[in-house]
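Peer 1: Show me how the following folds:
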Amino acid sequence: MSFDEDNNENKEKKSKTFFGLEMSDGVVYTVVVILTLIFIRQVSIVLDALG
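Peer 2: The predicted model follows:
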């Protein structure tokens with residue numbers, strides 16, 4: 001049994017929100033990947049500056 005089978009009373013699909021804006025799954029995942037890459041780049045710059 002999956003989660004979708006257990007939760008049949010809520011037929012309305014929940015929309016994902018990002019800073020209050022409704023977005024599809026692909027857009028949310030793309031934003032998360034971009035922010036992760038920016039974070040990794042910033043960490044590498046800081047480590048280069050310290051080392």
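
Peer 1: which secondary element of this structure has the worst mean pLDDT?
Peer 2: Least confident helix or strand of the chain, by mean pLDDT, DSSP states H and E, is helix 3-6 with a mean of 58.

Peer 1: Three-state assignment for E22, please.
Peer 2: strand (DSSP: H, G, I helix; E, B strand; the rest coil).

Peer 1: average pLDDT across the longest helix seen in the chain?
Peer 2: Within the chain, and with DSSP state H defining each element, the longest helix by residue count is helix 25-50. Here helix 25-50 scores 94 as its mean pLDDT.

Peer 1: Retrieve the pLDDT associated with E9.
Peer 2: So E9 comes in at 58 (pLDDT).

Peer 1: what bridges to the closest residue to T17 other than its chain neighbours?
Peer 2: Among residues not flanking T17 along the chain, M23 sits closest, at 7.4 Å (C-beta to C-beta, 6 or more residues apart in numbering). (Glycine included, C-beta is placed from N, CA and C.) With DSSP bridges as the criterion, M23 is bridged to K16.

Peer 1: L21 and I34, how far apart?
Peer 2: The gap separating L21 from I34 is 15 Å, by C-beta to C-beta, to the nearest Å.
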